[in-house]
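Peer 1: Turn this into a model:
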Amino acid sequence: AQTADRIRVERRDSAEFEFTSAMSTVVKFYCHTPEKDSRSLSSVASFESPVICCLGPLIQYLQEFNLERVLRNKSSFRHLPCESGGMNLSAATLRNLEILNNQTDGSVRGSLMWVLDHTRTTFGRRLLRKWVSQPLTDLQ
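Peer 2: Below you'll find the predicted structure:
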């Protein structure tokens, strides 16, 4: 018998993702930042609203596990280029490294994509596939 893959899904209250609620969480979190190498409130508050809407609930989630300190460090944030900086991998490389499909039967199961893919939408799956098959080349 084949066992199903186990995935843990945690739901957050949708109100946490609203801009005002998320910004409130971000402000409370970054107002009290005594460390000298930490992010300042002004630098975080200048993020675009979709980033703030994700950062607020992320802070709340990490606080539940006492892991929020990772978000105080400047090195936790990087700007990822949208269009350029990707490496083009040949079809042979994708096949031999089993990035998108396994070599046994050609299915996705057992490939890197299978391990990483926890997306919920077709668009998300296509974007993840693009990221996996064209990894960034800039180390920063």
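Peer 1: Report the contact partners of residue 117.
Peer 2: Contact analysis of residue 117 by CB atoms under 8 Å, 6 or more residues apart in numbering lists 108, 125, 128. From N, CA and C alone the C-beta is placed, and that goes for glycine too.
Peer 1: actually residue 87, sorry about that
Peer 2: Residue 87 touches 134-137, counting by CB under 8 Å, 6+ apart.
Peer 1: okay, the contacts of residue 117 in a markdown table with distance to residue 51 next?
Peer 2: A markdown table is the format used below for the contacts of residue 117 (distance: CB to CB, whole Å):
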| residue | distance to residue 51 |
| --- | --- |
| 108 | 31 |
| 125 | 22 |
| 128 | 19 |
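Peer 1: Out of the contacts of residue 87, which is nearest to residue 94?
Peer 2: Checking the contacts of residue 87 against residue 94 by CB to CB gives residue 134 as the nearest, at 10.2 Å.
Peer 1: The closest residue to that closest one other than its chain neighbours: how many residues sit nearby?
Peer 2: Of all residues not flanking residue 134 in the chain, residue 86 sits nearest, at 3.7 Å (CB to CB, 6 or more residues apart in numbering). Using other CB atoms under 10 Å, the number of residues around residue 86 comes to 15.
Peer 1: what bridges to residue 86?
Peer 2: residue 136 (DSSP bridges).
Peer 1: Can you point out the buried residues in the lowest-mean-pLDDT helix or strand in the chain?
Peer 2: Ranked by mean pLDDT, DSSP states H and E, the weakest helix or strand in the chain is helix 41-45, scoring a mean of 76. Residues of helix 41-45 classed as buried by neighbour count (16 or more other CB atoms under 10 Å): residue 44.
Peer 1: for it, packing partners?
Peer 2: Judged by 3 or more CB pairs under 8 Å, 6 or more residues apart in numbering; DSSP states H and E, helix 41-45 is in contact with helix 19-31.
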